[in-house]
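Student: sequence? don't have it. structure:
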């Protein structure tokens, strides 16, 4: 799935032509970027549900953390709600890609609602691991961000008191677990480097700590962070396209800054402050896992109006992951 050496390839041939009167600007676009397989699956579930059942289809919380995507689905007939009690009897409801506590589908079932689960399969894997660890009598130290929907959903898979949230290395140094039989799991969208430091601290303090069989941070999060590192080292400025409440997008901004570039998180081209470009010779672009490619092209087009740009795509991995859809939406 990954290629050990980053490579640069031309993406828009006419960008190599310098336009008279415009300042020159090199643009590096990270690959992979944008939609991951879990996001693609979640959006497709809503689209197919609308096609099969007709509008409206209710979606509990944002299906993914991107306003452009949410607004597009609203226009197609999706209605986004905070809680199930906003869904009328007989409504069709979809649960977001971030996962939900067990109580949510149980409540939907009790009300007789038709529901579809768009939880990313990699998040569902963490849910199953949590259940198994608790069944083994382990207390779980969960590395994640308080209040994030994925964290809330994962905590909701096991009895209250079964997990302790660890957000920082300081938390890992200070935690006093209620049991000596411990396991750890992580949110799927964390900073790879930060998480490694936290886990190393926990393992030093609790040598018998049991971890997951495989990496919990998802392939897409890791790949996008690696790609940003590859471009940020060459850039004066990096623009990360994504939402403020998107954990993986925020981590991309942080990764770029650590590599020495100035970095800003933007929703789309209209969010750009062109003063950021003062003195910049090379600008990088990436997109969080919930941001569609159309927003990347929108940013490139906006740059083309102000600069004579030369675009290169820097590729550090090739992704071919596809997740199955719920049986209810598969063609008969």
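Tutor: Great, that's in hand. Please read these numbers as outputs of a predicted model, since none were measured by experiment.
Student: Tell me where the stretch 101-250 of the chain has helices.
Tutor: 103-111, 121-135, 149-155, 169-174, 192-205, 219-232, 247-258 (DSSP state H, counting those that start in this stretch).
Student: in its sheet, what does the helix or strand hosting residue 264 sit against?
Tutor: Element membership for residue 264, per DSSP states H and E: strand 262-266. In its sheet, strand 262-266 lies beside strand 237-241 (parallel), with partners assigned from DSSP bridges.
Student: Let me see the residues that make contact with the partner strand.
Tutor: 34, 228, 231-232, 249, 252-253, 256, 261-268, 272, 276-277, 280, 282-288, 291, 295-296, 299 (CB atoms under 8 Å, 6 or more residues apart in numbering). In this view, the C-beta of every residue, glycine as well, is placed from N, C-alpha and C.
Student: What lies in contact with the strand holding residue 264?
Tutor: Contact partners of strand 262-266, identified using CB under 8 Å, 6+ apart, comprise 232, 236-242, 244, 249-250, 252-254, 256-257, 272-273, 276, 299.
Student: Okay, buried residues for that strand please.
Tutor: By 16 or more other CB atoms under 10 Å, the buried positions in strand 262-266 come out as 262, 263, 265, 266.
Student: ok, and the closest non-adjacent residue to the second one?
Tutor: When the adjacent residues along the chain are set aside, residue 263 lies closest to residue 256, with 3.8 Å between them (CB to CB, 6 or more residues apart in numbering).
Student: quick one: the one you found and residue 250 touch, right?
Tutor: No. With contacts counted by CB atoms under 8 Å, residue 256 stays clear of residue 250, the gap being 11.0 Å.
Student: where does the closest residue to residue 36 other than its chain neighbours land on pLDDT?
Tutor: Spatial nearest neighbour of residue 36, excluding adjacent residues (CB to CB, 6+ apart): residue 220 at 3.4 Å. Note on residue 220: pLDDT of 94.
Student: Measure how buried residue 220 is and give me the count.
Tutor: The criterion is other CB atoms under 10 Å. On that basis, residue 220 has 26 neighbouring residues.
Student: I'd guessed it sits against residue 37; true?
Tutor: Yes. Taking contacts as CB under 8 Å, residue 220 lies within contact range of residue 37: 7.2 Å.
Student: Which neighbours do these two have in common?
Tutor: Common contact partners of residue 220 and residue 37 (CB under 8 Å, 6+ apart): 319, 321.
Student: Can you give me the buried ones in the longest helix along the chain?
Tutor: For the chain, the longest helix by residue count, based on DSSP state H, is helix 37-53. Going by neighbour count (16+ other CB under 10 Å), the buried part of helix 37-53 is 37-43, 45-50, 53.
Student: what does stretch 312-322 give?
Tutor: Under the neighbour-count criterion of 16+ other CB under 10 Å, stretch 312-322 has 312, 313, 314, 315, 316, 317, 319 buried.
Student: Now stretch 255-268: average pLDDT?
Tutor: When pLDDT is averaged along stretch 255-268, the result is 98.
Student: now that stretch, how far from the chain's geometric center?
Tutor: Taking the mean C-alpha point of stretch 255-268 and that of its whole chain, the gap between them comes to 16 Å (CA atoms, centre = their mean, to the nearest Å).
Student: Distance across it, terminal residue to terminal residue?
Tutor: The separation between the terminal residues of stretch 255-268, taken as CA to CA, to the nearest Å, is 20 Å.
Student: Could you do stretch 168-177 as well?
Tutor: Between the start and the finish of stretch 168-177 there is a gap of 15 Å, counting by CA to CA.
Student: Under the pLDDT cut-off, which ranges of the stretch 1-150 of the chain? List them.
Tutor: Across the stretch 1-150 of the chain, the stretches falling below the confidence threshold (pLDDT under 70) are 1-20.
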